[in-house]
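Undergrad: Kindly generate the corresponding structure for this input.
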Amino acid sequence: MVLRLKSHTVPNLKSHMVPHLKSHMLLHLKYHTVPLLKSHIVPHLKSDTVPHLKSHIVPNMKSHLVPHLKFHMVPHLKFHMIPHLKSHIVPNLKSHMVPHLKSHMVPHLKSHMVSHLKSHMVPNLKSHMVPHLKSHMVPHLQT
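TA: Predicted coordinates for the structure are as follows:
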């Protein structure tokens, strides 16, 4: 992993991603996102959302949700869920699931899924998804 990071990922980030971010994303932020935030989102938050939070949501949380959590959920977790996890779920995971994963699932993933990815998924991404993104999504995002 470290070698791959040093030899491929970091250089790729420096040569492609950072320039892309600087040239496209920053412009998009500057001319689209920030103006939108200033003109619509922040005003909406100030005029509607924050008042609604203050007048309804926070009081409701204080009067209903917090008591419900304190008197129902926490005891339920303490006296039922955590003991059940300790006595049944974790032991079952250790004795059945982990061995099953090691003996069946991982080999299956290695033998079938990786080859499926190589033979179908990656080619499909290259031939269909990337062109679709380039031709439709990128122009849409730039407007």
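
Undergrad: the longest helix in the chain is where?
TA: Under DSSP state H, the helix in the chain containing the largest number of residues is helix 138-142.

Undergrad: Remind me what it packs against, helices and strands.
TA: Applying 3 or more CB pairs under 8 Å, 6 or more residues apart in numbering; DSSP states H and E, one finds that helix 138-142 contacts no other helix or strand. (Each C-beta comes from the backbone N, C-alpha and C, glycine too.)

Undergrad: residues of that helix that come out buried?
TA: Using 16 or more other CB atoms under 10 Å as the test for burial, helix 138-142 gives no buried residues.

Undergrad: what residues does that helix touch?
TA: 24, 28 (CB atoms under 8 Å, 6 or more residues apart in numbering).

Undergrad: from the middle of its chain, how far away would that helix be?
TA: 22 Å (CA atoms, centre = their mean, to the nearest Å).

Undergrad: With stretch 51-59 instead?
TA: 28 Å.

Undergrad: Take it and give me the span from its first residue to its final residue.
TA: 12 Å (CA to CA, to the nearest Å).

Undergrad: just to revisit the earlier point, how about the CA coordinates for the longest helix of the chain, as PDB?
TA: C-alpha atoms of helix 138-142 as PDB (Å, rounded to 0.1, in the frame of the first residue of the first chain):
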ATOM      1  CA  VAL A 138     -19.300  17.300 -16.600                       C
ATOM      2  CA  PRO A 139     -21.100  19.900 -18.900                       C
ATOM      3  CA  HIS A 140     -24.100  19.800 -16.600                       C
ATOM      4  CA  LEU A 141     -21.900  20.500 -13.500                       C
ATOM      5  CA  GLN A 142     -20.100  23.300 -15.300                       C
END
